[in-house]
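Q: Provide a 3D model corresponding to the input given below.
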Amino acid sequence: MQQHRRFRAAEWVAVATAALLLLLCPMPAAAAAAARRGRPAGSPPPSEWGTNGYIEYRPGNGPIVLSAPHGGDLEPDTIPDRTNGTTVEDSYTREVGIMVQDYFHETARPHLIICHLARTKLDANREFSEAAQGNPEAELAWHEYHAFIEKARQAVVDAYGRGLYVDIHGQSHPENWTECGMLLSGNNLTRYSDEDLSDPAVYNRTSLRHLIATAQARLRSGLAGTDVRSG
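A: Now for the predicted structure:
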């Protein structure tokens, strides 16, 4: 029953994430029409797989790239457990990514890259040595994961000129929040004035810098004003 409730929560997170993506990267009507042409709704291209079936790339046709590095459950005996770094799974993040991708199946489907290895075997979101810890199979999967992200990124750039990359993670704290990382701490937001947030030294450290620049908005307005891109 507890697992069922958690999965239902994942469904709500998927809906919230889809809504957030629509706000962050709205699809122009012409682009949506172009994405629909040539492939019937509900008929996505087949997945591409890494060498050992640990990494999956589910191609899309829209300007969004999603990745889920910590939702896998494969534990092959040929890859020893990692002995340092975080090994806790981000529960249902793989499923959230698939739900969000399928939500857009009739418009512009996001690209999605999934690591199916358990985080005890590979942390695809960490620096190479910490991620794979010297195991050749894990190292190959790490390279394939990032190569698929680059392939998706290039497809978006070729088709749209620019796009949005969203890395899907979970949290173990009890608050029922949907969080959007901005590379700004609570202390930053409390300490910095509006003038400080307009300083390029601060502005260029945030993950919203390109979105805010594209929208020609001020950073403070993009965080908490009429141009808000997160909550």
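Q: from what I can see Gly53 touches Cys115, true?
A: No - using CB atoms under 8 Å, Gly53 is not in contact with Cys115; the gap is 11.5 Å. Where C-beta positions appear, they are placed from N, C-alpha and C, glycine not excepted.
Q: got the contact list for the closest residue to Ala132 other than its chain neighbours?
A: Spatially, and ignoring its direct neighbours in sequence, Ala132 is nearest to Ala138 (3.7 Å; CB to CB, 6 or more residues apart in numbering). The neighbourhood of Ala138, defined by CB atoms under 8 Å, 6 or more residues apart in numbering, consists of 79, 117, 121-122, 131-132.
Q: just put the residues you listed in JSON lines and tack on pLDDT and distance to Trp142.
A: Shown next, in JSON lines, are these (pLDDT from 0 to 100; distance: CB to CB, whole Å):
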{"residue": "Ile79", "pLDDT": "98", "distance to Trp142": "11"}
{"residue": "Leu117", "pLDDT": "97", "distance to Trp142": "9"}
{"residue": "Lys121", "pLDDT": "98", "distance to Trp142": "11"}
{"residue": "Leu122", "pLDDT": "97", "distance to Trp142": "6"}
{"residue": "Ala131", "pLDDT": "97", "distance to Trp142": "5"}
{"residue": "Ala132", "pLDDT": "97", "distance to Trp142": "5"}
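Q: biggest separation within these, which pair?
A: Ile79 and Ala131 (11.7 Å; CB to CB).
Q: quick check: neighbours shared by the two?
A: In contact with both Ile79 and Ala131: 122, 138, using CB under 8 Å, 6+ apart.
Q: the chain: strands as residue ranges?
A: Assigned by DSSP state E, the chain shows strands spanning 48-49, 55-58, 64-68, 111-115, 164-167.
Q: what sits up against the first one?
A: Contacts to strand 48-49, defined as CB under 8 Å, 6+ apart, come from residues 55-57, 59, 148.
Q: what does stretch 141-148 give?
A: 48, 50-52, 54-55, 57, 67, 69, 113, 115, 117, 122, 124, 128, 131-132.
Q: mind giving me the PyMOL command for buried ones among those residues?
A: Typed into PyMOL, the line below selects the buried ones among the contacts of stretch 141-148, using 16 or more other CB atoms under 10 Å:
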select buried, resi 50+52+54+55+57+67+69+113+115+117+122+124+131+132
